[in-house]
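1. Next input, structure requested:
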Amino acid sequence: RDTQHRKMSKSLGNGIDPIDVISQYGADSMRVSLVLTTPEGQDPWMGPKTFELGRNFGNKFWNAARFAFMNLGDAKIESLFVKPGRSKFASMDRWILNRLDSAVFEVTASLEEFRYDAACKTLYDFIWHDFCDWYLEMVKSRLRDHHETEDKQKAREVTVYVLYRCLQMLF
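-> Residues are numbered from 1 along each chain as shown. Down below sits the predicted model:
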């Protein structure tokens, strides 16, 4: 194994103090990192950079949320928490809503089987890759359009709805 990662043991005296991790990376970063790096039924291998995984994920999600809220305009946020219908949506909107439905199904199934690492990995991959790397990049031009259009409103609805559903799954 990589020398940067080691098996922690109380008898070896090489444990990682959670208070130090929380002060450096934050409690949420520690939680996400622990769940993602602990395979079901196995001991985790951790190193000094293990908790950067959770911190980077938190930063990515924070930036996605900030982008979404910066582009809401005059829309009332409460009205955007309703699942949008699929008619009259651009193909990218239908794509992300389908990917969201798949992620919700997989996360739910994993949680029902007490496979927390699998649930977290599914959610991590959906948020990082599908939502942030693909959808938000594709929808930027629609949200930044200087004119209020139905397409811009649909983009807002889908963006905030997906963000809201991600938050529900995270908590």
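2. now the spatially most central residue of the chain, nearest residue through space, not along the chain?
-> To find the centre residue of the chain, average its C-alpha atoms and take the closest one (CA atoms, centre = their mean): that gives Ile127, at 3.7 Å. Spatial nearest neighbour of Ile127, excluding adjacent residues (CB to CB, 6 or more residues apart in numbering): Cys166 at 5.5 Å. No exception for glycine: its C-beta is placed from N, CA and C like everyone else's.
3. Return the residues in contact with the one you found.
-> The contact partners of Cys166, by CB atoms under 8 Å, 6 or more residues apart in numbering, come to Phe61, Leu123, Phe126, Ile127, Phe131.
4. what's the helix or strand for it?
-> Assignment of secondary structure by DSSP states H and E places Cys166 within helix 150-170.
5. Quick one: distance of that helix to the chain centre.
-> Its chain's C-alpha centre and that of helix 150-170 lie 13 Å apart, by CA atoms, centre = their mean, to the nearest Å.
6. for stretch 130-143, same thing?
-> The answer for stretch 130-143 is 14 Å, by CA atoms, centre = their mean.
7. now it: mean pLDDT?
-> For stretch 130-143, mean pLDDT is 95.
8. residues making contact with that stretch?
-> 60-61, 63-64, 67-68, 71, 90, 92-93, 95-96, 99, 103, 151-152, 155-156, 158-159, 162-163, 166.
9. now these: which count as buried?
-> 60-61, 64, 67-68, 71, 92-93, 95-96, 99, 103, 151-152, 155-156, 158-159, 162-163, 166 (16 or more other CB atoms under 10 Å).
10. Flag the shaky bits of this protein, pLDDT-wise.
-> 1-14, 48, 75-81, 86-87 (pLDDT under 70).
11. In it, mark out all the strands, start to finish.
-> For the chain, the strands defined by DSSP state E cover 6-7, 45-46.
12. For stretch 124-137, list every residue counted as buried.
-> Within stretch 124-137, the residues scored as buried using 16+ other CB under 10 Å are Tyr124, Phe126, Ile127, Trp128, Asp130, Phe131, Cys132, Tyr135, Leu136.
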